[in-house]
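Asks: give me the fold of what follows.
(one chain, ligands or ions: 1)
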Amino acid sequence: MKVVIMAGGRGTRISSVASDIPKPMIKIEGKPVLEHEIECLKNQGYTDLIITVSHLGNIIMDYFKDGSDFGVNIEYFVEETPLGNAGALFQLKDKLKEDFLLLNADAIFDIDFNRFVNYHKQKGGLVTLFTHPNSHPYDSGLIFTDENNSVLKWSAKEDERPEFYRNRVNAGLHVISPKVLDTVITTEKVDLDRQLLKPLAGTNQMYAYDSPEYVKDMGTPDRYESVCNDFKAGRVQAKNLHNKQKAIFLDRDGTINKYVGFLRDINDFELLPGVTQAIKKINESGYLAIVVTNQPVIARGEVTIGQLNEIHNKMETLLGKEGAYVDAIYYCPHHPHKGYEGEVPELKINCECRKPKPGMLIQASKDFNIDLSKSWMIGDSENDIQAGISAGCMTALIGKDNFNQNKTIDSLKEF
Ligand SMILES: [Zn+2]
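Replies: A predicted model of the protein is given here:
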(Lines give C-alpha, C1' and ligand atoms only; values in the text may rest on other atoms or scores of the structure.)
Protein backbone atom coordinates (compact mmCIF):
# COMPACT_ATOMS: atom_id res chain seq x y z
CA MET A 1 0.00 0.00 0.00
CA LYS A 2 1.29 3.44 -0.91
CA VAL A 3 1.68 6.09 1.76
CA VAL A 4 1.28 9.78 1.07
CA ILE A 5 2.81 11.98 3.75
CA MET A 6 1.77 15.61 3.75
CA ALA A 7 4.87 17.50 4.85
CA GLY A 8 4.13 20.88 3.33
CA GLY A 9 2.60 22.62 6.33
CA ARG A 10 4.11 25.69 7.87
CA GLY A 11 4.89 25.63 11.55
CA THR A 12 4.12 29.21 12.42
CA ARG A 13 2.95 28.61 15.99
CA ILE A 14 6.05 26.62 16.82
CA SER A 15 8.53 29.03 15.27
CA SER A 16 10.03 29.82 18.66
CA VAL A 17 11.33 26.24 18.72
CA ALA A 18 12.44 26.09 15.11
CA SER A 19 11.89 28.90 12.64
CA ASP A 20 14.14 28.01 9.73
CA ILE A 21 13.27 24.36 9.26
CA PRO A 22 10.00 22.78 8.14
CA LYS A 23 7.90 21.34 10.96
CA PRO A 24 8.50 17.65 10.02
CA MET A 25 12.26 18.23 10.41
CA ILE A 26 12.00 19.36 14.02
CA LYS A 27 14.08 16.98 16.06
CA ILE A 28 12.96 14.70 18.86
CA GLU A 29 15.76 12.84 20.60
CA GLY A 30 18.18 13.89 17.89
CA LYS A 31 16.10 12.75 14.91
CA PRO A 32 13.58 14.61 12.77
CA VAL A 33 9.98 13.75 13.54
CA LEU A 34 9.51 12.61 9.96
CA GLU A 35 12.36 10.13 10.33
CA HIS A 36 10.70 8.56 13.38
CA GLU A 37 7.51 8.25 11.34
CA ILE A 38 9.28 6.72 8.34
CA GLU A 39 10.90 4.16 10.66
CA CYS A 40 7.53 3.27 12.13
CA LEU A 41 6.13 2.72 8.62
CA LYS A 42 9.13 0.79 7.39
CA ASN A 43 9.09 -1.57 10.37
CA GLN A 44 5.54 -2.51 9.45
CA GLY A 45 6.26 -3.09 5.77
CA TYR A 46 5.13 0.26 4.37
CA THR A 47 8.04 1.29 2.18
CA ASP A 48 6.44 2.96 -0.83
CA LEU A 49 6.21 6.62 0.11
CA ILE A 50 5.22 9.86 -1.58
CA ILE A 51 6.05 13.00 0.37
CA THR A 52 4.42 16.27 -0.58
CA VAL A 53 6.55 19.28 0.23
CA SER A 54 6.35 23.03 -0.25
CA HIS A 55 7.69 25.56 2.22
CA LEU A 56 11.42 24.80 2.79
CA GLY A 57 10.87 21.41 1.13
CA ASN A 58 14.45 21.25 -0.13
CA ILE A 59 15.58 20.62 3.45
CA ILE A 60 13.40 17.50 3.56
CA MET A 61 14.53 16.29 0.11
CA ASP A 62 18.22 16.86 0.88
CA TYR A 63 17.91 14.85 4.06
CA PHE A 64 15.91 11.82 2.90
CA LYS A 65 16.89 11.80 -0.81
CA ASP A 66 15.36 8.72 -2.49
CA GLY A 67 14.85 7.02 0.88
CA SER A 68 17.37 4.23 0.28
CA ASP A 69 19.45 5.24 3.34
CA PHE A 70 16.28 4.75 5.40
CA GLY A 71 15.13 1.46 3.88
CA VAL A 72 12.24 2.95 1.93
CA ASN A 73 11.49 4.32 -1.52
CA ILE A 74 10.52 8.01 -1.57
CA GLU A 75 9.06 10.08 -4.38
CA TYR A 76 8.38 13.76 -3.84
CA PHE A 77 5.68 16.06 -5.01
CA VAL A 78 6.80 19.65 -4.88
CA GLU A 79 4.01 22.17 -4.66
CA GLU A 80 5.18 25.13 -6.71
CA THR A 81 1.99 27.07 -6.25
CA PRO A 82 -0.01 26.55 -3.07
CA LEU A 83 -2.64 23.91 -3.81
CA GLY A 84 -4.23 23.55 -0.40
CA ASN A 85 -3.39 20.45 1.57
CA ALA A 86 -5.25 18.10 -0.81
CA GLY A 87 -4.39 19.73 -4.13
CA ALA A 88 -1.34 17.52 -4.51
CA LEU A 89 -3.51 14.39 -4.36
CA PHE A 90 -5.26 15.36 -7.58
CA GLN A 91 -1.91 15.93 -9.28
CA LEU A 92 -0.81 12.49 -8.06
CA LYS A 93 -3.96 10.73 -9.27
CA ASP A 94 -2.08 8.58 -11.81
CA LYS A 95 0.09 7.10 -9.07
CA LEU A 96 -2.78 6.39 -6.67
CA LYS A 97 -4.66 3.48 -8.18
CA GLU A 98 -5.43 1.61 -4.95
CA ASP A 99 -6.43 2.52 -1.41
CA PHE A 100 -3.62 4.48 0.21
CA LEU A 101 -2.58 5.87 3.57
CA LEU A 102 -2.65 9.65 3.87
CA LEU A 103 -0.73 10.97 6.86
CA ASN A 104 -0.25 14.43 8.20
CA ALA A 105 3.41 14.91 9.17
CA ASP A 106 2.59 17.76 11.56
CA ALA A 107 1.87 15.24 14.30
CA ILE A 108 4.03 12.62 15.92
CA PHE A 109 2.51 9.14 15.73
CA ASP A 110 3.36 5.54 16.35
CA ILE A 111 0.44 3.29 15.50
CA ASP A 112 -0.27 -0.25 14.34
CA PHE A 113 -0.91 0.52 10.65
CA ASN A 114 -1.92 -3.03 9.74
CA ARG A 115 -4.66 -2.98 12.36
CA PHE A 116 -5.91 0.35 10.97
CA VAL A 117 -5.83 -0.83 7.35
CA ASN A 118 -7.57 -4.12 8.20
CA TYR A 119 -10.36 -2.21 9.88
CA HIS A 120 -10.75 -0.07 6.76
CA LYS A 121 -11.03 -3.18 4.57
CA GLN A 122 -13.51 -4.78 6.91
CA LYS A 123 -15.76 -1.70 6.87
CA GLY A 124 -15.48 -1.32 3.11
CA GLY A 125 -15.91 2.46 3.00
CA LEU A 126 -14.16 5.00 0.80
CA VAL A 127 -12.44 6.63 3.77
CA THR A 128 -11.49 5.58 7.28
CA LEU A 129 -10.48 8.31 9.71
CA PHE A 130 -8.20 7.59 12.64
CA THR A 131 -10.05 9.05 15.63
CA HIS A 132 -9.18 9.34 19.28
CA PRO A 133 -9.96 11.26 22.45
CA ASN A 134 -7.57 14.14 23.10
CA SER A 135 -6.83 16.62 25.86
CA HIS A 136 -8.41 19.61 24.08
CA PRO A 137 -11.64 18.45 22.38
CA TYR A 138 -13.18 21.90 22.86
CA ASP A 139 -10.92 23.38 20.17
CA SER A 140 -10.62 20.30 17.95
CA GLY A 141 -12.72 18.99 15.05
CA LEU A 142 -15.17 16.36 16.32
CA ILE A 143 -16.46 13.25 14.59
CA PHE A 144 -19.97 11.94 15.29
CA THR A 145 -20.90 8.41 14.23
CA ASP A 146 -23.67 5.85 14.46
CA GLU A 147 -23.23 2.62 16.46
CA ASN A 148 -21.51 1.02 13.45
CA ASN A 149 -18.91 3.84 13.47
CA SER A 150 -20.16 5.25 10.17
CA VAL A 151 -19.51 9.01 10.27
CA LEU A 152 -22.75 10.97 10.54
CA LYS A 153 -21.40 14.43 11.16
CA TRP A 154 -18.09 16.24 10.98
CA SER A 155 -17.95 19.25 13.20
CA ALA A 156 -15.03 21.59 12.54
CA LYS A 157 -13.82 23.68 15.44
CA GLU A 158 -15.66 26.73 14.14
CA ASP A 159 -18.96 24.83 13.82
CA GLU A 160 -21.61 24.91 16.50
CA ARG A 161 -21.63 21.79 18.65
CA PRO A 162 -24.05 20.28 21.16
CA GLU A 163 -23.68 21.04 24.87
CA PHE A 164 -22.41 17.51 25.54
CA TYR A 165 -20.45 15.45 23.07
CA ARG A 166 -18.19 12.46 22.86
CA ASN A 167 -14.48 13.29 22.91
CA ARG A 168 -13.69 11.86 19.48
CA VAL A 169 -11.25 13.88 17.43
CA ASN A 170 -9.97 13.42 13.91
CA ALA A 171 -6.22 12.77 14.22
CA GLY A 172 -5.13 13.52 10.65
CA LEU A 173 -4.35 9.92 9.62
CA HIS A 174 -6.54 8.31 6.96
CA VAL A 175 -6.99 5.36 4.66
CA ILE A 176 -8.47 6.68 1.41
CA SER A 177 -9.81 5.10 -1.76
CA PRO A 178 -8.67 6.74 -5.02
CA LYS A 179 -12.39 7.04 -5.88
CA VAL A 180 -12.47 10.06 -3.57
CA LEU A 181 -10.31 11.82 -6.14
CA ASP A 182 -13.15 11.57 -8.66
CA THR A 183 -14.83 14.36 -6.66
CA VAL A 184 -15.32 17.32 -8.97
CA ILE A 185 -13.52 20.31 -7.52
CA THR A 186 -13.68 23.67 -9.22
CA THR A 187 -11.48 25.68 -6.92
CA GLU A 188 -7.75 26.02 -7.48
CA LYS A 189 -6.85 25.15 -3.90
CA VAL A 190 -8.34 22.04 -2.31
CA ASP A 191 -8.87 21.65 1.41
CA LEU A 192 -8.82 17.99 2.42
CA ASP A 193 -11.13 18.21 5.41
CA ARG A 194 -13.68 20.70 4.17
CA GLN A 195 -13.92 19.81 0.49
CA LEU A 196 -13.15 16.09 0.30
CA LEU A 197 -13.88 14.45 3.64
CA LYS A 198 -16.58 16.45 5.38
CA PRO A 199 -19.04 16.00 2.45
CA LEU A 200 -18.77 12.21 2.94
CA ALA A 201 -20.33 12.47 6.41
CA GLY A 202 -23.80 10.92 6.40
CA THR A 203 -23.24 8.98 3.15
CA ASN A 204 -22.27 5.70 4.86
CA GLN A 205 -18.96 5.72 2.98
CA MET A 206 -16.71 7.05 5.74
CA TYR A 207 -15.90 5.32 9.03
CA ALA A 208 -14.12 6.23 12.24
CA TYR A 209 -11.41 4.01 13.65
CA ASP A 210 -11.16 4.65 17.39
CA SER A 211 -7.76 4.02 18.88
CA PRO A 212 -5.92 5.08 22.03
CA GLU A 213 -2.53 4.99 20.29
CA TYR A 214 -0.17 7.94 20.40
CA VAL A 215 -0.90 10.66 17.86
CA LYS A 216 -0.16 14.18 19.05
CA ASP A 217 0.11 17.47 17.36
CA MET A 218 3.22 19.48 18.25
CA GLY A 219 1.79 22.77 17.09
CA THR A 220 2.81 24.87 20.10
CA PRO A 221 6.04 25.01 22.11
CA ASP A 222 4.24 23.50 25.15
CA ARG A 223 2.87 20.58 23.17
CA TYR A 224 6.26 20.06 21.53
CA GLU A 225 7.89 19.81 24.92
CA SER A 226 5.35 17.30 26.21
CA VAL A 227 5.80 15.17 23.07
CA CYS A 228 9.58 15.19 23.65
CA ASN A 229 9.09 14.06 27.24
CA ASP A 230 6.73 11.27 26.19
CA PHE A 231 9.18 10.14 23.56
CA LYS A 232 12.06 10.07 26.02
CA ALA A 233 9.98 8.05 28.50
CA GLY A 234 9.04 5.51 25.79
CA ARG A 235 5.33 6.35 25.93
CA VAL A 236 5.00 7.12 22.20
CA GLN A 237 6.12 3.65 21.06
CA ALA A 238 4.59 1.82 24.03
CA LYS A 239 1.07 2.84 23.06
CA ASN A 240 1.28 1.16 19.64
CA LEU A 241 -1.42 -1.51 19.99
CA HIS A 242 0.98 -4.08 18.63
CA ASN A 243 2.52 -3.89 22.13
CA LYS A 244 0.82 -5.12 25.30
CA GLN A 245 -1.03 -2.29 27.06
CA LYS A 246 -1.64 -1.46 30.72
CA ALA A 247 -5.00 -0.12 31.83
CA ILE A 248 -6.67 1.40 34.82
CA PHE A 249 -10.28 0.22 34.81
CA LEU A 250 -12.62 2.63 36.50
CA ASP A 251 -16.04 1.98 37.92
CA ARG A 252 -18.36 4.91 37.21
CA ASP A 253 -20.92 5.73 39.94
CA GLY A 254 -19.16 6.45 43.23
CA THR A 255 -15.73 6.41 41.62
CA ILE A 256 -15.90 9.03 38.86
CA ASN A 257 -19.21 10.71 39.63
CA LYS A 258 -21.16 11.27 42.81
CA TYR A 259 -23.13 8.20 43.88
CA VAL A 260 -26.89 8.90 43.74
CA GLY A 261 -28.26 5.36 43.62
CA PHE A 262 -29.36 4.41 40.09
CA LEU A 263 -28.49 7.42 38.01
CA ARG A 264 -31.40 8.10 35.68
CA ASP A 265 -31.38 11.87 35.24
CA ILE A 266 -28.46 13.47 33.43
CA ASN A 267 -28.73 16.48 35.77
CA ASP A 268 -27.71 14.21 38.66
CA PHE A 269 -24.38 13.43 37.01
CA GLU A 270 -21.67 15.34 38.83
CA LEU A 271 -17.93 14.59 38.83
CA LEU A 272 -16.40 13.88 42.23
CA PRO A 273 -13.74 16.32 43.48
CA GLY A 274 -10.25 15.63 42.13
CA VAL A 275 -11.43 13.10 39.54
CA THR A 276 -10.45 15.23 36.57
CA GLN A 277 -6.88 15.70 37.83
CA ALA A 278 -6.67 11.98 38.65
CA ILE A 279 -7.77 10.92 35.17
CA LYS A 280 -5.43 13.45 33.62
CA LYS A 281 -2.62 11.83 35.56
CA ILE A 282 -3.66 8.43 34.22
CA ASN A 283 -3.64 9.87 30.68
CA GLU A 284 -0.13 11.21 31.16
CA SER A 285 1.15 7.98 32.72
CA GLY A 286 0.70 5.85 29.62
CA TYR A 287 -2.01 3.68 31.21
CA LEU A 288 -5.31 3.48 29.38
CA ALA A 289 -8.30 4.86 31.31
CA ILE A 290 -11.25 2.55 30.70
CA VAL A 291 -14.67 2.87 32.32
CA VAL A 292 -16.50 -0.39 33.16
CA THR A 293 -19.96 0.14 34.59
CA ASN A 294 -23.05 -1.94 35.36
CA GLN A 295 -26.11 -0.16 34.01
CA PRO A 296 -29.09 -2.36 34.86
CA VAL A 297 -31.29 0.73 34.39
CA ILE A 298 -31.21 -0.14 30.66
CA ALA A 299 -32.68 -3.61 31.21
CA ARG A 300 -35.16 -2.20 33.67
CA GLY A 301 -36.38 0.21 31.03
CA GLU A 302 -35.57 3.25 33.16
CA VAL A 303 -32.91 4.74 30.89
CA THR A 304 -32.62 4.28 27.11
CA ILE A 305 -29.29 3.62 25.41
CA GLY A 306 -29.57 7.09 23.88
CA GLN A 307 -29.98 8.66 27.33
CA LEU A 308 -27.07 6.64 28.68
CA ASN A 309 -24.86 7.81 25.80
CA GLU A 310 -25.86 11.38 26.59
CA ILE A 311 -24.86 10.88 30.26
CA HIS A 312 -21.50 9.58 29.05
CA ASN A 313 -21.20 12.53 26.68
CA LYS A 314 -21.67 14.80 29.68
CA MET A 315 -18.90 12.93 31.51
CA GLU A 316 -16.56 13.25 28.51
CA THR A 317 -17.36 16.92 27.99
CA LEU A 318 -16.76 17.82 31.64
CA LEU A 319 -13.48 15.88 31.70
CA GLY A 320 -12.43 17.34 28.33
CA LYS A 321 -12.87 20.91 29.52
CA GLU A 322 -10.05 20.28 31.99
CA GLY A 323 -7.85 18.27 29.61
CA ALA A 324 -8.73 14.74 30.79
CA TYR A 325 -10.26 11.89 28.81
CA VAL A 326 -11.24 8.23 29.00
CA ASP A 327 -10.02 5.86 26.31
CA ALA A 328 -13.12 3.68 26.24
CA ILE A 329 -16.40 3.03 28.04
CA TYR A 330 -17.89 -0.42 28.52
CA TYR A 331 -21.27 -0.87 30.13
CA CYS A 332 -23.36 -3.90 30.98
CA PRO A 333 -27.00 -3.19 30.09
CA HIS A 334 -28.26 -6.45 31.58
CA HIS A 335 -30.03 -7.38 34.77
CA PRO A 336 -30.87 -10.88 35.98
CA HIS A 337 -34.09 -10.27 37.94
CA LYS A 338 -37.36 -10.04 36.09
CA GLY A 339 -40.51 -8.32 37.17
CA TYR A 340 -39.98 -4.58 36.66
CA GLU A 341 -42.59 -2.54 34.89
CA GLY A 342 -41.33 -1.40 31.49
CA GLU A 343 -38.37 -3.78 31.50
CA VAL A 344 -36.63 -4.91 28.31
CA PRO A 345 -37.12 -8.71 28.31
CA GLU A 346 -34.14 -9.59 26.08
CA LEU A 347 -31.75 -7.85 28.50
CA LYS A 348 -33.11 -9.69 31.51
CA ILE A 349 -30.48 -12.39 31.38
CA ASN A 350 -27.60 -13.80 33.34
CA CYS A 351 -24.81 -12.33 31.25
CA GLU A 352 -21.03 -12.60 31.39
CA CYS A 353 -20.42 -8.85 31.58
CA ARG A 354 -22.20 -7.75 34.75
CA LYS A 355 -19.67 -7.17 37.52
CA PRO A 356 -18.63 -9.11 39.65
CA LYS A 357 -18.07 -11.12 36.47
CA PRO A 358 -14.98 -9.96 34.61
CA GLY A 359 -16.54 -9.94 31.09
CA MET A 360 -16.08 -6.22 30.37
CA LEU A 361 -12.43 -6.27 31.45
CA ILE A 362 -11.76 -9.35 29.36
CA GLN A 363 -13.47 -7.82 26.33
CA ALA A 364 -11.37 -4.66 26.74
CA SER A 365 -8.21 -6.74 27.04
CA LYS A 366 -9.01 -8.30 23.65
CA ASP A 367 -9.95 -4.99 22.03
CA PHE A 368 -6.82 -3.15 23.21
CA ASN A 369 -4.25 -5.94 23.69
CA ILE A 370 -4.14 -5.33 27.46
CA ASP A 371 -1.99 -7.27 29.91
CA LEU A 372 -4.51 -7.65 32.75
CA SER A 373 -1.85 -8.66 35.29
CA LYS A 374 -0.26 -5.21 34.90
CA SER A 375 -3.60 -3.41 35.13
CA TRP A 376 -5.76 -2.08 37.94
CA MET A 377 -9.47 -2.16 38.70
CA ILE A 378 -10.71 0.67 40.90
CA GLY A 379 -14.19 0.92 42.35
CA ASP A 380 -16.29 1.53 45.43
CA SER A 381 -18.01 -1.86 45.77
CA GLU A 382 -17.31 -5.53 46.30
CA ASN A 383 -18.50 -6.20 42.73
CA ASP A 384 -15.68 -4.06 41.38
CA ILE A 385 -13.01 -5.76 43.45
CA GLN A 386 -14.28 -9.24 42.59
CA ALA A 387 -14.39 -8.43 38.89
CA GLY A 388 -10.84 -7.11 39.07
CA ILE A 389 -9.58 -10.17 40.94
CA SER A 390 -11.36 -12.57 38.54
CA ALA A 391 -9.78 -10.77 35.58
CA GLY A 392 -6.34 -11.09 37.16
CA CYS A 393 -5.91 -7.36 37.81
CA MET A 394 -4.63 -5.53 40.84
CA THR A 395 -7.45 -3.85 42.71
CA ALA A 396 -8.15 -0.73 44.74
CA LEU A 397 -11.28 -0.09 46.80
CA ILE A 398 -12.62 3.36 47.46
CA GLY A 399 -14.08 2.76 50.91
CA LYS A 400 -13.35 1.11 54.22
CA ASP A 401 -14.24 -2.58 53.80
CA ASN A 402 -11.94 -5.49 53.15
CA PHE A 403 -12.71 -7.45 49.99
CA ASN A 404 -9.10 -8.64 49.54
CA GLN A 405 -8.18 -5.60 47.47
CA ASN A 406 -4.53 -4.57 47.06
CA LYS A 407 -5.12 -1.00 48.09
CA THR A 408 -7.74 0.83 50.13
CA ILE A 409 -8.22 4.50 49.34
CA ASP A 410 -10.55 7.41 49.97
CA SER A 411 -10.82 8.64 46.41
CA LEU A 412 -9.56 8.20 42.88
CA LYS A 413 -7.43 11.27 43.46
CA GLU A 414 -5.66 9.53 46.33
CA PHE A 415 -4.99 6.48 44.16
ZN1 LIG B 1 -24.07 -7.86 30.94
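Asks: residues contacting whatever residue of the stretch 101-250 of the chain ends up closest to the ion?
Replies: Per Cβ to the ion, residue 249 is where the stretch 101-250 of the chain lies closest to the ion, at 15.4 Å. Where you see a C-beta, it was placed from the backbone N, CA and C, and this is true even at glycine. Contacts for residue 249 (Cβ atoms under 8 Å, 6 or more residues apart in numbering) come out as 290-292, 360-361, 364, 375-378, 388, 393.
Asks: reformat those as a markdown table; add neighbour count.
Replies: Formatted as a markdown table, the contacts of residue 249 follow (neighbours: other Cβ atoms under 10 Å):
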| residue | neighbour count |
| --- | --- |
| 290 | 26 |
| 291 | 22 |
| 292 | 29 |
| 360 | 25 |
| 361 | 25 |
| 364 | 25 |
| 375 | 23 |
| 376 | 20 |
| 377 | 31 |
| 378 | 27 |
| 388 | 30 |
| 393 | 26 |
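Asks: picking that back up, residue contacts, the closest residue to the residue of the stretch 101-250 of the chain closest to the ion other than its chain neighbours?
Replies: Nearest non-adjacent residue to residue 249, counting by Cβ to Cβ, 6 or more residues apart in numbering: residue 377, 4.5 Å away. Contact partners of residue 377, counting by Cβ under 8 Å, 6+ apart, are 249, 251, 292, 361, 384-385, 387-388, 391, 393-396.
Asks: the residue of the stretch 101-250 of the chain closest to the ion - that's part of a strand, no?
Replies: Yes: using DSSP: H, G, I helix; E, B strand; the rest coil, the assignment for residue 249 is a strand.
Asks: what residues are bridge-paired with it?
Replies: Bridge pairing for residue 249 (DSSP bridges) gives the partners residue 290, residue 377.
Asks: can you give me the pLDDT of it?
Replies: You'll see residue 249 listed with a pLDDT of 98.
Asks: please tell me how far it sits from residue 255.
Replies: According to Cβ to Cβ, to the nearest Å, residue 249 stands 10 Å off from residue 255.
Asks: what is in contact with the two at once?
Replies: Common neighbours of residue 249 and residue 255 (Cβ under 8 Å, 6+ apart) are residue 378.
Asks: close to the ion: what parts of this protein are there?
Replies: 332, 334, 351, 353-354 (Cβ under 5 Å from the ion).
Asks: please indicate which of those residues are buried?
Replies: By neighbour count, with 16 or more other Cβ atoms under 10 Å, those hold 332, 334, 353-354 as buried.
Asks: with pLDDT and distance to residue 225 added, can I get those in CSV?
Replies: Shown next, in CSV, are those (pLDDT from 0 to 100; distance: Cβ to Cβ, whole Å):
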residue, pLDDT, distance to residue 225
332, 97, 41
334, 95, 46
353, 96, 41
354, 97, 44
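Asks: do you know the pLDDT at the residue nearest to residue 249?
Replies: Per-residue pLDDT puts residue 377 at 98.
Asks: related to what we said a few turns ago, residue 48: which of the residues of the chain next to the ion is nearest?
Replies: Set against residue 48, the nearest of the residues of the chain next to the ion by Cβ to Cβ is residue 353 (42.8 Å).
Asks: residues in contact with residue 195?
Replies: If you count contacts by Cβ under 8 Å, 6+ apart, then residue 195 has 84, 86, 183, 185, 187 around it.
Asks: quick check: residue 279 touching residue 324?
Replies: Yes: between residue 279 and residue 324 there is a contact at 4.1 Å, judged by Cβ atoms under 8 Å.
Asks: against residue 363, how distant is the residue of the stretch 101-250 of the chain closest to the ion?
Replies: Residue 249 sits 11 Å away from residue 363, taking Cβ to Cβ as the criterion.
Asks: of all the buried ones among the residues of the chain next to the ion, which two lie farthest apart?
Replies: 334 and 353 (6.8 Å).
Asks: how far away from the center of its chain is stretch 199-209?
Replies: Mean-position distance between stretch 199-209 and its chain equals 17 Å (Cα atoms, centre = their mean, to the nearest Å).
Asks: what about the residue in the chain sticking out farthest from the centre, distance to residue 30?
Replies: Here the chain reaches farthest from its C-alpha mean at residue 339, the gap being 40.1 Å by Cα atoms, centre = their mean. Residue 339 sits at a distance of 67 Å from residue 30 (criterion: Cβ to Cβ).
Asks: and for residue 319?
Replies: Remark: distance between residue 319 and residue 30 (Cβ to Cβ) = 35 Å.
Asks: ok, the two, which is more surrounded?
Replies: More neighbours surround residue 319 than the other of residue 319 and residue 30, with 24 against 6 (other Cβ atoms under 10 Å).
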